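K.L.:
let's see this in three dimensions:
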Amino acid sequence: MKIIQSSHDSKQRVQIIHDDKILLTVAPWYGAKLTAMKLNAGQEFHDVLWPISDADLESNAWFKQSILFPFPNRLKDGQYHFEGRSYQFPINEIEVNNQLHGMLFNAPFKVTDTRESDLEASITLAHEYSGELPYYPFPFVFEVTYRYYLSGFSVKFQVKNTGQERLPFGIGWHPYFQIEGIGVNDYVFSSGDLEEIALDQRTSIPTGERKLIPNPVLALNKHKLDNAYQLKGETTYSLKGPDALRVSFRVSDSLSYLQLFTPDGGETIAIEPMTCNVNAFNNQEGLLTLEPANSFDCEVQIELIKDTNMTP
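P.N.:
Sure thing, here's the model as predicted:
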């Protein structure tokens with residue numbers, strides 16, 4: 001495999017190529033988003049992501065493939081309190097007065113390391129933040145490493161506290177899946193036991209109620225999803241698509257929360273692993289803290305499997 005980098009401006013792209021196929025493309029200047037990816041199953045490569053155009057990058061359409069930090073999902077009224085101080089994030093979900101998905105989703109990253117061999121390749125990108133914004137005055141370095149190998153793919157997120165105070169945070173990822181451009185109405189999501197987190201119908205903020213769903217099997221033609229869950233045991237789940245193709249996920253234990261979202265039209269599904277609950281900066285559910293000079297990391301592993309088995 002080899003890694004190709006384009007010119008160093010806002011149009012910069014970094015690609016992993018194998019046998020003249022572009023397997024993965026990253027846009028560093030736009031939140032280090034994956035704009036396209038093919039995975040191998042049964043000796044054939046298949047597109048698995050809802051693709052991102054240049055226009056999508058400029059507008060951050062649907063938060064496609066966004067990295068979510070210092071929190072995923074919603075922050076009620078954009079406000080939180082930490083260690084005796086109050087903070088106000090800018091509101092970007094105007095109609096319900098929430099802050100959505102933190103501050104890295106469209107931040108510029110720099111490529112800091114690339115590695116390649118015959119069988120795999122990896123790209124590491126980093127964003128350094130000095131704590132200059134009043135609503136999040138906690139300096140950090142955030143790294144993402146995309147590792148591609150012929151039997152699968154992984155993404156590793158790492159944050160290091162470079163300040164002098166404790167740093168509150170959560171991490172999430174917002175990829176959308178769509179195999180070979182085929183809409184997801186006939187797809188099936190399945191997992192081990194989940195606890196569904198009840199959300200307010202207007203604001204999508206947790207109400208405090210939960211419901212256990214044993215081994216859910218969700219046919220997407222029967223479920224319109226914008227739901228939050230907590231994994232209860234297993235850290236694997238899967239998405240069964242067309243032609244016996246199945247996207248299989250394995251996540252770090254710390255990524256124990258999950259959001260599923262299907263936009264209108266049936267084109268795609270967002271499968272969003274998260275370290276914390278919606279509004280975690282206020283309800284503390286899954287909220288993490290880092291001492292100065294300490295680091296935290298978590299990982300998502302994805303494989304594309306060709307089989308006829310509906311189980312994860």
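
K.L.:
please count neighbours and contacts with C-alpha atoms only from this point.
P.N.:
Fine.

K.L.:
per-residue pLDDT, L150?
P.N.:
You'll see L150 listed with a pLDDT of 89.

K.L.:
that one is in contact with D118, isn't it?
P.N.:
No - L150 is beyond contact range of D118, at 9.7 Å (criterion: C-alpha atoms under 8 Å).

K.L.:
looking at those two, which is more packed in?
P.N.:
L150 (18 against 10; other C-alpha atoms under 10 Å).

K.L.:
phi, psi of the more buried one?
P.N.:
L150 has phi and psi values of phi -60, psi -20 when expressed as degrees, to the nearest 10.

K.L.:
for it, list the residues it contacts.
P.N.:
When contacts are counted by C-alpha atoms under 8 Å, 6 or more residues apart in numbering, L150 is found next to L39, N40, L119, E120.

K.L.:
from V251, how far out is the most far-flung residue of the chain relative to its centre?
P.N.:
The centre of the chain is farthest from one residue, G84, which by C-alpha atoms, centre = their mean lies 30.5 Å away. Applying C-alpha to C-alpha, to the nearest Å, the value for G84 to V251 is 34 Å.

K.L.:
what kind of secondary structure is the nearest residue to N221 once chain neighbours are set aside in?
P.N.:
Of all residues not flanking N221 in the chain, N185 sits nearest, at 4.6 Å (C-alpha to C-alpha, 6 or more residues apart in numbering). At N185 the chain is in coil, as set by DSSP: H, G, I helix; E, B strand; the rest coil.

K.L.:
how many neighbouring residues does N185 have?
P.N.:
When counting by other C-alpha under 10 Å, one arrives at 19 neighbours for N185.

K.L.:
same thing with the one 3 residues further on?
P.N.:
Counted by other C-alpha under 10 Å, the residues lying close to V188 total 21.

K.L.:
K156 too?
P.N.:
17.

K.L.:
what helix or strand is it on?
P.N.:
Assessed by DSSP states H and E, K156 sits inside strand 152-161.

K.L.:
paired strands for that strand, with orientation please.
P.N.:
strand 140-149 (antiparallel), strand 295-306 (antiparallel) (DSSP bridges).

K.L.:
quick one: buried residues of the longest one?
P.N.:
What that stands for is strand 295-306. Neighbour counts using 16 or more other C-alpha atoms under 10 Å place S295, C298, E299, V300, Q301, I302, E303, L304, I305, K306 of strand 295-306 among the buried residues.

K.L.:
quick check: next helix or strand after the longest helix anywhere in the chain?
P.N.:
Ranked by residue count, the top helix of the chain under DSSP state H comes out as helix 54-59. Using DSSP H and E, the helix or strand that directly follows helix 54-59 along the chain is strand 66-68.

K.L.:
that older thread, out of the buried residues of strand 295-306, who's nearest P242?
P.N.:
K306 (9.8 Å; C-alpha to C-alpha).

K.L.:
any figure for the gap between the spatially closest residue to L68 that is not a sequence neighbour and T145?
P.N.:
Spatial nearest neighbour of L68, excluding adjacent residues (C-alpha to C-alpha, 6+ apart): G172 at 4.7 Å. Here G172 is placed at a distance of 14 Å from T145 (C-alpha to C-alpha).
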